[in-house]
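1. pasting a predicted model and its sequence here:
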Amino acid sequence: MDVVQSPGDLSPSLPEHLWRGVREAARLLRQARRAVALTGAGISTPSGVPDFRSPETGLWRHVDPLLVASIWAFRVSPRAFFDWMRPLARTLLEARPNPAHEALARLEEAGLLRAVITQNIDGLHQKAGSRTVLELHGHIRTATCTRCYRTYPSDTFLPAYLEAGEVPRCGCGGILKPDVILLGEDLPREAYQQAVHEARTCDLMLVAGTSLEVAPASDLPFLAQRRGAPVIVVNLDPTPLDPLATVVLHADVALVLPTLAGLALSPEGATEEPGPR
Ligand code: ZN
């Protein structure tokens, strides 16, 4: 028996009240020439990655972040940092992209998305196939010596760290710090400047899986909005941007983004109006 594929089939469980917004978002995406996405922890939680930075949830519930994951704590006790980070590192390495990451990669591949600006350090956008990824909070692919600034691929020290808890060290004896941004550190200059440029010049911003609580990443969609770019928000919880956004969808990104991409990329586009009206 033939199964007729409509874009709606990509996510049959999308609740009815979301269809109107998703269709409007798809229409905006098809019209845009310089669309960019901004993503946060919410796009990786469906992949099993806990929220890394949110002060109230996720990893911070049982620990004061300033005592383990700030640059000051790292300098005083790298051992405490690496012990705390060890189970998280394992989770990050084992995580696989979910349909939301894949949807953004498909949009980029088709020319409907210029870049993904992310607050995540898990590298899941790249694993899903995204090419232009601006990582505002760094990543776990490399680590840099705190004494001589030599950079090492994480593969070189991960086995001894993950299996035996060994604190990674440089050939010079200095301690290696993963190239993630700890509390109290500046954002990577190049990624941040490029993200600001994208926010200022985009003609649509898709905000996905972030409650926009951590500055300065949270300022980026406001930069876009002030310059007249429509903003689409897909997030479980309300965000401070909601009143200014063109489309707001309070829902799971792993549910919404595949449908949105399917609609935006289907030949009939948003005109065919699949799904409930
Ligand atoms: Zn060194």
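-> Looks like it came in fine. Numbering: from 1, shown residues only.
2. contacts and neighbour counts: CA atoms only from here.
-> Noted.
3. quick one, what contacts whatever residue of the stretch 1-150 of the chain ends up closest to the ion?
-> For the stretch 1-150 of the chain and the ion, the shortest gap (Cα to the ion) falls at C148, measuring 4.0 Å. Shown in contact with C148 (Cα atoms under 8 Å, 6 or more residues apart in numbering): C172, G174.
4. next, it: phi, psi?
-> Recorded main-chain torsions at C148 are phi -110, psi 0, according to degrees, to the nearest 10.
5. report the buried residues of stretch 152-163.
-> Y152, S154, F157, L158, Y161, L162 (16 or more other Cα atoms under 10 Å).
6. from these, which land in strands?
-> Y152 (DSSP state E).
7. from the contact counts, what lies against the longest strand seen in the chain?
-> Looking across the chain with DSSP E, the single longest strand is strand 138-145. The helices and strands touching strand 138-145, judged by 3 or more Cα pairs under 8 Å, 6 or more residues apart in numbering; DSSP states H and E, are strand 151-153, strand 176-180.
8. can you list the strands that that strand pairs with?
-> strand 151-153 (antiparallel), strand 176-180 (antiparallel) (DSSP bridges).
9. which of these sits most buried?
-> Per-stretch averages of neighbours, counted by mean count of other Cα atoms under 10 Å, single out strand 176-180 among the strands paired with strand 138-145, with a mean of 23.
10. identify the residues contacting that strand?
-> With contact meaning Cα under 8 Å, 6+ apart, strand 176-180 is reached by 121, 137-146, 154, 168-170.
11. ditto for stretch 208-220
-> Contact with stretch 208-220 is made by 37-43, 54, 119, 136, 195-196, 199, 233-241, 252-253, as judged by Cα under 8 Å, 6+ apart.
12. could I get the full set of strands for this protein?
-> Taking DSSP E as the criterion, the chain contains strands spanning 35-39, 115-118, 133-135, 138-145, 151-153, 176-180, 204-208, 231-234, 247-249.
13. got TSV for the ones you listed, with mean pLDDT and distance to the ion too?
-> Rendered in TSV, the data for the strands of the chain read as follows (pLDDT from 0 to 100; distance: least, Cα to the ion, whole Å):
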stretch	mean pLDDT	distance to the ion
strand 35-39	98	33
strand 115-118	98	29
strand 133-135	98	24
strand 138-145	96	5
strand 151-153	98	8
strand 176-180	96	8
strand 204-208	98	38
strand 231-234	98	43
strand 247-249	98	47
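14. save the ones you listed as JSON lines, and put in distance to L265 too.
-> Listed next are the strands of the chain as JSON lines, based on distance: least, Cα to Cα, whole Å:
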{"stretch": "strand 35-39", "distance to L265": "14"}
{"stretch": "strand 115-118", "distance to L265": "17"}
{"stretch": "strand 133-135", "distance to L265": "21"}
{"stretch": "strand 138-145", "distance to L265": "30"}
{"stretch": "strand 151-153", "distance to L265": "37"}
{"stretch": "strand 176-180", "distance to L265": "34"}
{"stretch": "strand 204-208", "distance to L265": "16"}
{"stretch": "strand 231-234", "distance to L265": "17"}
{"stretch": "strand 247-249", "distance to L265": "19"}
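15. circling back to that earlier point, which of the contacts of strand 176-180 has the most neighbours?
-> A143 (25 neighbours; other Cα atoms under 10 Å).
16. about what we covered before: which of the contacts of strand 176-180 lies closest to D203?
-> Closest to D203 out of the contacts of strand 176-180 is H137 (24.1 Å), distances taken as Cα to Cα.
17. doesn't L183 make contact with that closest one?
-> No. Counting by Cα atoms under 8 Å, H137 does not reach L183; the two are 9.9 Å apart.
18. so how far is A261 from R30?
-> Distance, R30 to A261, by Cα to Cα, to the nearest Å: 10 Å.
19. er, G111 actually
-> Distance from G111 to A261, by Cα to Cα: 12 Å.
20. same question, P238
-> Note on P238: its distance to A261, by Cα to Cα, is 22 Å.
21. and stretch 124-137, how far from the chain's centre?
-> The chain centroid and the centroid of stretch 124-137 are separated by 8 Å under Cα atoms, centre = their mean, to the nearest Å.
22. pLDDT weak spots in the stretch 1-150 of the chain?
-> By pLDDT under 70, the low-scoring segments of the stretch 1-150 of the chain are 1-12, 52-63, 65-66.
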